[in-house]
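# no sequence on this one, just coordinates:
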């Protein structure tokens, strides 16, 4: 009997190890399917993820309106303050989206159509410019031969036409699906804002089931701090983007830069990505201006945008954001590079507040560790 027990106790860990290795092998072999399934699941719940993001961004404005309504002398208004605030903030969102669709998008569309219609003329100007270089010109040899470049672009266009024709239906379907998902996201955001107290209570209840009091308190505290950092960053970047985009549009219009409104919008949106966004938008603006307005206007535009960015970086930005993140430029650049690698444009945007959160966690960890080491040193000295 004892012998059989020893044999069982010997074979049991071996059997468990074999089963674990077999499961690991199955996971590795089917890794593509697993990630594909995860991707399909995330795609299926994308309207709810988008809805959660919209609800998160609209929560603070809704709270502000709610505080105003709660002070109203009419009892029924104060009683229904939360629901009324959600309805009002959604109406405000619809008004803003409608204004953008009716005014901004037609201007951008007109500019894009005009630029596309004149691409051939701009290209011909470029060809004439490059053919004027002789062997003594400082750009000679740096630019490709005009004829070769024309043949290359023509071949590429012919190659892409067939592929583009096949993909048109797919793009239309994707746009349709995106519109459907957006409206589903709005509905989900509406219900999330109306039931946010219940959702928060449920999350806290779940955390209570798996955490002790200390861990729960720390988790709630860090969640509140992280929320403050992230929301402060998003609000500041949005306000800064609106201000810079408006100023850029006015300056470009005064200078007579073609497509000033479109470039102003691009500069404002790209400015939401720290450091790299404004550089990219400025380069695009200057390059297009070279073809549409000449080198002289492009140089003036470059100087004006650089001055505007310096004003924004040294005066406008600090007034809006202060030193809320407390990150060094090198850390910001590193965070943006990593964010772009793993999250694309969205990753570049959220990488900076995430880096600020990690900095907060690291500082708290080091402070706690240092206090523990000092306490240990004091106790050791007392024992001596």
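Structure's in. What do you need? Nothing here was measured: the structure is a model prediction, and the numbers come from that model.
# who touches residue 265 in this structure?
Taking Cβ atoms under 8 Å, 6 or more residues apart in numbering as the criterion, residue 265 is in contact with 104, 108, 245, 249. For every residue, glycine as well, the C-beta is placed using N, CA and C.
# please, which helix or strand holds it?
helix 260-270 (DSSP states H and E).
# hang on, residue 70 packs against residue 78?
Yes: applying Cβ atoms under 8 Å as the test, residue 70 and residue 78 come out as touching, 5.2 Å apart.
# tell me the strands in the stretch 1-150 of the chain, going along the chain?
In the stretch 1-150 of the chain, no strands are found when defined by DSSP state E, counting those that start in this stretch.
# pLDDT weak spots in it?
Along the stretch 1-150 of the chain, the parts satisfying pLDDT under 70 run over 1-21, 24-27, 29-32, 34-39, 41-42, 123, 125-150.
# and the pLDDT at residue 291?
On the pLDDT scale, residue 291 is placed at 81.
# what helix or strand is it on?
helix 276-293.
# residues of whatever helix or strand comes next after that helix that come out buried?
Sequence order places helix 295-311 as the next helix or strand after helix 276-293, per DSSP H and E. Buried residues in helix 295-311, defined by neighbour count with 16 or more other Cβ atoms under 10 Å: 297, 298, 300, 301, 302, 304, 305, 308, 309.
# how about the fifth one: what's its closest non-neighbour residue?
Nearest non-adjacent residue to residue 302, counting by Cβ to Cβ, 6 or more residues apart in numbering: residue 286, 4.9 Å away.
# who's in contact with the one you found?
If you count contacts by Cβ under 8 Å, 6+ apart, residue 286 has them with 298, 301, 302, 305.
# next one: residue 181
Counting by Cβ under 8 Å, 6+ apart, residue 181 touches 46, 47, 50.
# now, which of those residues lie within helices?
Counting by DSSP state H, the members of the contacts of residue 181 that fall within helices are 46, 47, 50.
# which of those residues are buried, as a PyMOL select command?
Selection command for PyMOL covering only the buried members of those, criterion 16+ other Cβ under 10 Å:
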select buried, resi 47+50
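# residue 334: what's it in contact with?
Taking Cβ under 8 Å, 6+ apart, one finds residue 355 in contact with residue 334.
# helix or strand for it, which one?
Residue 334 is part of helix 329-383, with elements assigned from DSSP H and E.
# that older thread, orientation of the helix holding residue 265 relative to helix 329-383 in degrees?
Between the direction of helix 260-270 and that of helix 329-383, the angle (axes from the mean of the first three to the mean of the last three Cα atoms, to 10 degrees) works out to 20 degrees.
# next, the angle from helix 260-270 to helix 276-293.
In terms of direction (the same axes, to 10 degrees), helix 260-270 departs from helix 276-293 by 160 degrees.
# can you point out the buried residues in helix 260-270?
Taking 16+ other Cβ under 10 Å as the basis for neighbour counts, the residues of helix 260-270 that come out buried are 260, 261, 262, 263, 264, 265, 266, 267, 268, 270.
# any figure for the gap between the residue nearest to the first one when sequence neighbours are not counted and residue 354?
Nearest in space to residue 260, with sequence neighbours left out and distances taken as Cβ to Cβ, 6+ apart, is residue 252 at 3.7 Å. As judged by Cβ to Cβ, to the nearest Å, residue 252 and residue 354 stand 33 Å apart.
# quick check, central residue of the chain?
For the chain, the residue sitting closest to the mean C-alpha position, by Cα atoms, centre = their mean, is residue 346 at 2.9 Å.
# who touches stretch 293-301?
Counting contacts by Cβ under 8 Å, 6+ apart, the residues outside stretch 293-301 that touch it are 252, 255, 256, 257, 258, 285, 286, 287, 289, 290.
# residue 62: neighbour count?
22 (other Cβ atoms under 10 Å).
# wait, isn't it in contact with residue 85?
Yes: assessed by Cβ under 8 Å, residue 62 is found in contact with residue 85 at 4.7 Å.
# my guess is residue 273 meets residue 335, correct?
No: using Cβ under 8 Å as the test, residue 273 is too far from residue 335 to be in contact (11.1 Å).
# follow-up on the earlier one: pLDDT added to the buried residues of helix 260-270, as CSV?
Shown next, in CSV, are the buried residues of helix 260-270 (pLDDT from 0 to 100):
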residue, pLDDT
260, 89
261, 89
262, 89
263, 91
264, 91
265, 90
266, 89
267, 90
268, 89
270, 86
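# let's have those in CSV, adding distance to residue 379.
Output for the buried residues of helix 260-270, formatted as CSV (distance: Cβ to Cβ, whole Å):
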residue, distance to residue 379
260, 69
261, 68
262, 67
263, 65
264, 64
265, 63
266, 61
267, 59
268, 58
270, 55
